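Enquirer: Sequence plus predicted model, see below.
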Amino acid sequence: MALYLQRAVNAYVRNNARLASHAATAGGHGGGWKLWKNLSFFVAVPAIGLGMVNAYLAHQEPHERPEFVAYDYLRIRTKRFPWGDGQKSLFHNPHLNALPSGYEDH
Amino acid sequence: MKIMHNHPYHLVDFSPWPLTGAIGVMTLVTGLVKWFHNFNMNLLILGYFIIIMTMYQWWRDICRESTFQGKHTILVSNGLRWGMILFIISEIFFFISFFWAFFHSSLSPNIEIGAMWPPLNIMPFNPFQIPLLNTIILISSGITVTWAHHSLMDNNFSQTTQSLLITIILGIYFTMLQAYEYMEASFTIADSIYGSTFFMATGFHGLHVIIGTLFLLTCFIRHLNYHFSNNHHFGFEAAAWYWHFVDVVWLFLYISIYWWGN
């Protein structure tokens, strides 16, 4: 019985070793990285460049902000934020984010 | 200790990390609740400390078992693969819940928010500016991480170093742009269900980008220490899977929340 188990384990381990050597060539084609390097430099880099130019040009226009109206569903303060004075959100921008009483610069 | 075995299984040694991990998460969550209730951050910081120490040492041990002790046979490695697959599936469902909240609120907007989406007086981002750039950056980083994988399989050390570094830089660039967008947002997490769903979904995605970047950075450091070979590098593959997952979640966020929800 032990002998059969031993043989089964050995066969399994041998099979695993074969699978492992197979995995070594997974993807198969040596030098396959060249395609992806070319895609990175000749597709990804120009695309990021265009995206940056587009975002930069669009940001040249002045920022608008919504007019302050004390709607119930905006500036909700059911309890204090756990930081600072508890009234400002984590990414508070005094110019763009009004407090429940209105914009700070007004 | 016996070095050769007649079986492919990894019988692990006794380890304190499951216990310190359990103590750490209990401390972390208790500290978080305490902080949310406007008490101090002491317990939260202690929880973070225990968890970070546990993660560092537990993963250090796994790297040693894999790289230097040869414990990760094909069978063990397959177990790790299944573990990562199931983990990513659970992460998919985590994000599905945020998309559910978003579509529930946006497909039939309540009368209280003006029966419109985005709600009255909410000024969303223009999806064709920085969010579009972010989309291009994440797709590009998917290309560079594939470049890294092929270089690794081809035993090309310098190409792997170069491509992995570019991928990490793209991840950091994405995070910086998102931080800028958050600071320039005209709405906050406290501004209606729009702000809540927006920052919940994009915030957790941003957290996942940071985790994915750290995962790739870990692979980069391990690569520089020659931990990976052309047929034994599952740590890297898991990081690449995770990175692609984060990338796909962004595409769904971009299409539904930034674009359609605008």
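Expert: Yep, that arrived. Quick caveat, the model's predicted, so the values are computed rather than measured.

Enquirer: Lowest-scoring secondary structure element of chain A by mean pLDDT?
Expert: Across the helices and strands of chain A, mean pLDDT, DSSP states H and E gives its lowest value to helix A:2-24, namely a mean of 63.

Enquirer: Next secondary structure element downstream of that helix?
Expert: Next along the chain after helix A:2-24, taking DSSP states H and E as the criterion, comes helix A:33-39.

Enquirer: so what does that next one touch, helix or strand wise?
Expert: Helix A:33-39 sits against helix B:130-153, helix B:157-184, with contacts defined as 3 or more CB pairs under 8 Å, 6 or more residues apart in numbering or on different chains; DSSP states H and E. (Glycine included, C-beta is placed from N, CA and C.)

Enquirer: deepest of those helices, which one?
Expert: helix B:130-153 (a mean of 24; mean count of other CB atoms under 10 Å in any protein chain shown).

Enquirer: does any part of that one sit near chain A?
Expert: Yes: with CB under 8 Å from any CB of the partner chain as the measure, helix B:130-153 is seen reaching chain A through B:130, B:132-133, B:136-137, B:139-140, B:143-144, B:146-147, B:149-151, B:153.

Enquirer: starting at the chain centroid, how far to that helix?
Expert: Taking CA atoms, centre = their mean, to the nearest Å, the mean C-alpha location of helix B:130-153 is offset from the chain mean by 15 Å.

Enquirer: Just the CA coordinates for it, please, in PDB.
Expert: This file holds the C-alpha atoms of helix B:130-153, laid out as PDB (Å, rounded to 0.1, in the frame of the first residue of the first chain):
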ATOM      1  CA  ILE B 130      -8.000  65.200 -16.000                       C
ATOM      2  CA  PRO B 131     -10.200  62.100 -15.700                       C
ATOM      3  CA  LEU B 132      -9.400  61.300 -19.400                       C
ATOM      4  CA  LEU B 133      -5.700  61.800 -18.700                       C
ATOM      5  CA  ASN B 134      -6.000  59.400 -15.700                       C
ATOM      6  CA  THR B 135      -7.700  56.800 -18.000                       C
ATOM      7  CA  ILE B 136      -4.800  57.100 -20.500                       C
ATOM      8  CA  ILE B 137      -2.300  56.800 -17.700                       C
ATOM      9  CA  LEU B 138      -3.800  53.600 -16.200                       C
ATOM     10  CA  ILE B 139      -4.200  51.900 -19.600                       C
ATOM     11  CA  SER B 140      -0.600  52.800 -20.400                       C
ATOM     12  CA  SER B 141       0.600  51.400 -17.100                       C
ATOM     13  CA  GLY B 142      -1.200  48.200 -18.100                       C
ATOM     14  CA  ILE B 143       1.000  48.100 -21.200                       C
ATOM     15  CA  THR B 144       4.200  48.800 -19.300                       C
ATOM     16  CA  VAL B 145       3.400  46.100 -16.700                       C
ATOM     17  CA  THR B 146       3.000  43.600 -19.500                       C
ATOM     18  CA  TRP B 147       6.300  44.800 -20.900                       C
ATOM     19  CA  ALA B 148       7.800  44.000 -17.400                       C
ATOM     20  CA  HIS B 149       6.300  40.500 -17.400                       C
ATOM     21  CA  HIS B 150       7.600  39.600 -20.800                       C
ATOM     22  CA  SER B 151      11.000  40.900 -19.900                       C
ATOM     23  CA  LEU B 152      11.000  38.800 -16.700                       C
ATOM     24  CA  MET B 153      10.000  35.700 -18.600                       C
END
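
Enquirer: the inter-axis angle of that helix versus helix B:157-184?
Expert: Angle of helix B:130-153 versus helix B:157-184, following axes from the mean of the first three to the mean of the last three CA atoms, to 10 degrees, is 160 degrees.

Enquirer: Report the mean confidence score over helix B:130-153.
Expert: On average, the pLDDT along helix B:130-153 is 98.

Enquirer: So which elements touch it?
Expert: Applying 3+ CB pairs under 8 Å, 6+ apart, one finds that helix B:130-153 makes contact with helix A:33-39, helix A:45-58, helix B:157-184, helix B:234-253.

Enquirer: Residue 10: neighbouring residues, count only.
Expert: Picked chain A for this. By the other CB atoms under 10 Å in any protein chain shown criterion, the neighbourhood of A:N10 contains 11 residues.

Enquirer: you looked at the wrong chain, it should be chain B
Expert: Residues near B:H10, counting by other CB under 10 Å: 19.

Enquirer: Same check on A:L99?
Expert: By other CB under 10 Å, 16 other residues sit near A:L99.

Enquirer: can you tell me how far the spatially most central residue of chain A sits from B:E181?
Expert: Centroid-nearest residue in chain A: A:I48, 15.7 Å away (criterion: CA atoms, centre = their mean). Distance, A:I48 to B:E181, using CB to CB, to the nearest Å: 17 Å.

Enquirer: What of A:L3?
Expert: 67 Å.

Enquirer: Next: B:W250.
Expert: B:W250 is 13 Å from B:E181, where distance means CB to CB.

Enquirer: for B:F245, same thing?
Expert: From B:F245 across to B:E181, the span is 22 Å (CB to CB).

Enquirer: so what's B:P109 closest to, chain neighbours aside?
Expert: The shortest distance from B:P109 to any non-neighbouring residue, by CB to CB, 6 or more residues apart in numbering or on different chains, is to B:W117 (4.7 Å).

Enquirer: Surely that neighbour is within a helix?
Expert: No: if the criterion is DSSP: H, G, I helix; E, B strand; the rest coil, then B:W117 is coil and not within a helix.
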